[in-house]
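[1] What shape does this take:
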Amino acid sequence: MAKIDMVRNIGVVAHIDAGKTTVSERFLFHSGKIHKAGEVHDGETQMDWMEQERERGITITAAATTFEWKKHEIHLIDTPGHVDFTIEVERSLRVLDGAVVVFCGVAAVQPQSETVWHQADKFKVPRLAFVNKLDRVGASFDHVVSEMRERLGANPVPVQLPIGVEDAFCGVVDLVTMKALMFSGEVQQAPEIEEIPADLLEAAVAARDRMIAAVADFDDGIAEKYLEAKEISEAELMAALRKATIAVKIVPVLAGTALRNKGIHPLLDAVVAFLPSPIDVPPVTGVDPRNTSEKLQRAPKNSEPMAALAFKIAMDEGRKVVFMRLVSGTVEAGAEVLNVRTGRKEKIARLFRIHADKRERLEKAVAGEIVAVAGLKEATTGDTICDPKAPILLERIDTYEPVISQAIEADSSAAKERLDFALAKMCDEDPTFRVKEDADTGQTLISGMGELHLEIIVDRMRREYGVQAKAGKPQVVYRETVLGEGEGSAVFERELKEQAIYGESRCRVSARPRGSGMAFGNEVVTPPGVLPLPEVVVTAAMQGLRDAASSGPDGYPLEDVAVTLLGVATREGANAEIGVRAASSEAFRRAVAAAHPTRLEPIMAVEVTVDEEFMGAIIGDLQQRRGQVQDVASRGGTKRVVSARVALRNMFGYSTRLRSLSEGRATFSMLFHAYDSLQG
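    Below you'll find the model as predicted:
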């Protein structure tokens with residue numbers, strides 16, 4: 001067991017196809033954890049262990065592993081790059097101390113790179129950047145660095161300079177030691193340390209000067225020596241770079257090409273040198289579940305009470321395994337722990353250390369570790385697991401609302417039970433996946449983040465649970481809102497088992513800006529000389545409004561609407577609470593009808609990377625899909641990037657159409673942008 005300051009919890013994140021999984025595989029190989037470096041295109045990688053991942057050559061689920069490098073214990077999570085699996089990245093970043101962000105040397109900053117970058121910003125995760133694929137035609141280290149500055153608002157500081165371009169890329173200049181590291185490309189060989197080639201010396205000196213100037217902004221000792229032109233030692237420079245990286249002030253940038261085994265050793269050294277150990281990260285803040293106004297802190301020490309965050313649920317042969325990050329304290333197999341969300345105690349049956357889909361039994365886990373546990377039957381993503389004697393509630397993990405749904409049905413009534421069982425297990429694993437029964441048709445509807453997301457779910461049910469189910473065509477998940485303002489009033493009067501029920505209610509609804517959510521207000525005024533209504537009656541009326549506001553006239557969720565209660569009246573001797581609640585619901589429906597209700601649909605931000613010769617056809621096709629082209633930018637020579645906003649319902653089957661329009665040479669990515677009014 002490594003000492004806590006020798007532990008690194010890191011993730012590898014990037015846009016799809018930038019080379020994350022290849023980087024992770026090389027990490028494992030060079031550290032001696034595996035003895036053959038698998039290739040994504042051969043379907044032989046350790047980290048992409050699911051059949052669906054190997055077939056498609058993409059990462060779907062965040063895979064965790066542990067390996068050693070220079071006496072440091074590194075816990076690594078390889079995350080997906082596809083937008084449909086964004087939640088996997090989000091929840092991984094939430095429990096990691098640092099991240100290696102991989103950029104493609106040709107494509108530079110791509111849409112999903114932006115998404116993961118901003119997710120890392122949200123959790124203040126220190127980062128290293130690795131510019132990959134520098135052996136490819138059109139690759140440019142400097143272009144990636146400038147795009148990081150412009151598009152991500154980052155402060156990239158190159159700590160290396162590439163030697164050679166495209167297929168002549170053969171090494172890097174280490175700007176800290178001012179030595180050249182030459183890579184043979186042979187899998188087994190460590191880099192050769194040589195003197196800097198004479199033709200690069202001037203550029204290297206200038207780059208080192210820029211690096212020191214960037215660090216001097218955050219370190220007074222370095223600034224003083226820099227201004228006085230004094231020599232700065234390697235140790236001082238490394239310490240200053242580490243401090244600024246951990247404080248998320250700078251992002252050290254390294255260069256290489258993972259597939260050709262170039263740049264991996266220095267990248268591993270940089271992980272150890274610059275990224276934080278659990279004790280370098282500030283203590284985690286939570287609240288006391290018995291009194292949520294009281295803030296509590298947990299430092300990453302074994303002596304503190306045990307607290308952990310469950311960040312992922314996986315099914316292992318039908319059994320539930322919970323991945324969790326120990327924030328503080330220690331835990332042993334057989335220990336009793338508290339799930340703060342349910343308020344119930346559960347026993348940890350077994351503890352594991354993970355290597356992709358393999359497990360190693362542990363007797364005890366300590367602060368700062370990422371482990372898997374069996375036995376926690378009720379835990380879900382984002383739950384806090386802690387010592388029952390010292391409860392703490394940690395911040396939950398945000399989830400995303402699904403934008404696409406489809407009907408699914410089993411072949412027979414016997415298969416229906418298996419289908420329901422499999423769907424329940426999938427919901428446990430994936431917080432962005434939802435299942436509901438359609439009240440009108442009785443169909444089972446599954447909802448998710450995109451076509452690929454639902455396709456993988458249906459495929460997994462077939463293979464893992466033996467469920468043969470038919471899936472309908474994907475459907476868009478709509479929302480509703482109002483465009484104007486409207487008032488409504490209603491009276492509810494009934495006789496029920498010799499008791500009178502009576503209530504009157506009046507309310508107003510009005511439009512709010514897109515994305516601002518629902519707002520409920522109370523403007524009931526009691527006239528002078530009249531006794532005010534009891535609080536419970538007004539509360540019941542407000543509850544009636546809230547109940548009715550859960551969906552619009554067409555039954556879709558309502559959003560961006562202000563709802564205001566204007567008046568309530570009751571009759572003596574009648575049950576007022578039921579009466580005003582029912583009257584408020586009806587008044588709300590009438591107000592919505594008068595306020596021009598409309599349907600909203602998911603609008604996607606689409607980016608197409610295409611050769612110039614096909615650009616006209618691509619833009620024409622997007623306009624046919626009623627897309628609004630936002631921008632056309634150049635990217636490396638003849639490549640163009642077309643950015644557009646298109647309704648999701650017009651994007652089904654787009655990948656096939658794009659292939660035929662561009663002779664298979666264009667790529668596209670699609671991110672959810674916003675809900676907006678129906679477009680044509």
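[2] pLDDT on the strand or helix carrying residue 271, on average?
    Per DSSP states H and E, residue 271 falls inside helix 264-274. Taken as a whole, helix 264-274 has a mean pLDDT of 89.
[3] Number of residues surrounding residue 519?
    12 (other Cβ atoms under 10 Å). For the C-beta atoms, the positions are set from N, CA and C on the backbone; glycine is no exception.
[4] Actually, residue 465.
    17.
[5] For it, give its distance to residue 563.
    Distance, residue 465 to residue 563, using Cβ to Cβ, to the nearest Å: 43 Å.
[6] Then residue 302?
    51 Å.
[7] Give me the more crowded residue out of those two.
    The residue with more neighbours, out of residue 302 and residue 563, is residue 563; 24 against 14, by other Cβ under 10 Å.
[8] Help me confirm that the more buried one is found in a strand?
    Yes. Per DSSP: H, G, I helix; E, B strand; the rest coil, residue 563 lies within a strand segment.
[9] you'd agree it is up against residue 543?
    No. Here residue 563 lies out of contact with residue 543, judged by Cβ atoms under 8 Å, at a distance of 11.9 Å.
[10] What is the longest strand of this protein by residue count?
    For the chain, the longest strand by residue count, based on DSSP state E, is strand 597-611.
[11] Flag every buried residue along that one.
    Across strand 597-611, burial judged by 16 or more other Cβ atoms under 10 Å covers 597-598, 600-610.
[12] who does it pair up with?
    Partners of strand 597-611 in the sheet, by DSSP bridges, are strand 479-482 (antiparallel), strand 639-647 (antiparallel), strand 667-677 (antiparallel).
[13] May I have that strand exported as CSV, CA atoms only?
    Extracted in CSV, the C-alpha atoms of strand 597-611 (Å, rounded to 0.1, in the frame of the first residue of the first chain):
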residue,chain,number,x,y,z
PRO,A,597,-49.1,27.3,-25.1
THR,A,598,-46.5,25.9,-27.5
ARG,A,599,-44.3,22.9,-27.7
LEU,A,600,-40.5,23.1,-27.3
GLU,A,601,-38.1,20.6,-28.8
PRO,A,602,-34.4,19.8,-28.3
ILE,A,603,-32.1,21.9,-30.6
MET,A,604,-28.7,20.4,-31.1
ALA,A,605,-25.4,22.1,-31.7
VAL,A,606,-23.9,20.3,-34.7
GLU,A,607,-20.3,20.5,-35.9
VAL,A,608,-19.3,19.0,-39.2
THR,A,609,-15.6,18.7,-40.2
VAL,A,610,-15.4,18.3,-44.0
ASP,A,611,-13.1,18.8,-46.9
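[14] element containing residue 244?
    Per DSSP H and E: helix 234-246 holds residue 244.
[15] Could you point out the helix or strand that follows that helix?
    Later in the chain than helix 234-246, the nearest helix or strand by DSSP H and E is strand 251-255.
[16] can you list contacts of that next one?
    Residues outside strand 251-255 that contact it (Cβ atoms under 8 Å, 6 or more residues apart in numbering) are 101, 105, 127-131, 134, 141, 144-145, 148, 154-162, 172, 241, 245, 263, 266-267, 270, 274.
[17] Looking at those residues, which are in helices?
    In helices, defined here by DSSP state H, the members of the contacts of strand 251-255 are 141, 144, 145, 148, 241, 245, 266, 267, 270, 274.
[18] surely the third one meets residue 160?
    No. Applying Cβ under 8 Å, one finds residue 145 not in contact with residue 160, separated by 11.0 Å.
[19] and the two? which has more neighbours close in?
    residue 160 (27 against 21).
[20] Excluding residues flanking it in the chain, which one is nearest residue 272?
    The shortest distance from residue 272 to any non-neighbouring residue, by Cβ to Cβ, 6 or more residues apart in numbering, is to residue 72 (5.0 Å).
[21] And for the one you found, the neighbour number?
    A count of nearby residues for residue 72, using other Cβ under 10 Å, gives 19.
[22] Got the phi and psi for it?
    Phi and psi for residue 72, reported as degrees, to the nearest 10, are phi -100, psi 140.
[23] three-state assignment of residue 526?
    Under the three-state scheme (three-state DSSP), residue 526 adopts coil.
[24] Same check on residue 368?
    Secondary structure of residue 368, per three-state DSSP, is coil.
[25] In contact with the nearest residue to it once chain neighbours are set aside, which residues?
    Spatial nearest neighbour of residue 368, excluding adjacent residues (Cβ to Cβ, 6+ apart): residue 278 at 3.1 Å. Taking Cβ under 8 Å, 6+ apart as the contact definition, residue 278 lies against 4, 7, 9, 97, 300, 367, 368.
[26] change it to 6 Å
    4, 7, 300, 368 (Cβ atoms under 6 Å, 6 or more residues apart in numbering).
[27] Format those residues as a markdown table; extra columns: neighbour count, distance to residue 556 and secondary structure.
    Listed next are the contacts of residue 278 as a markdown table, based on neighbours: other Cβ atoms under 10 Å; distance: Cβ to Cβ, whole Å; DSSP: H, G, I helix; E, B strand; the rest coil:
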| residue | neighbour count | distance to residue 556 | secondary structure |
| --- | --- | --- | --- |
| 4 | 18 | 50 | helix |
| 7 | 24 | 48 | strand |
| 300 | 24 | 45 | coil |
| 368 | 25 | 45 | coil |
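[28] Would you mind listing the two of these that lie farthest apart?
    Spatial extent of the contacts of residue 278 (Cβ to Cβ) is set by the pair 7 and 300 at 9.3 Å.
[29] and for the two, which residues touch both?
    278, 368.
[30] Now do the helix or strand that contains residue 212 and strand 251-255, the angle between them.
    Using DSSP H and E, residue 212 maps to helix 198-216. Interaxial angle of helix 198-216 relative to strand 251-255 (axes from the mean of the first three to the mean of the last three Cα atoms, to 10 degrees): 160 degrees.
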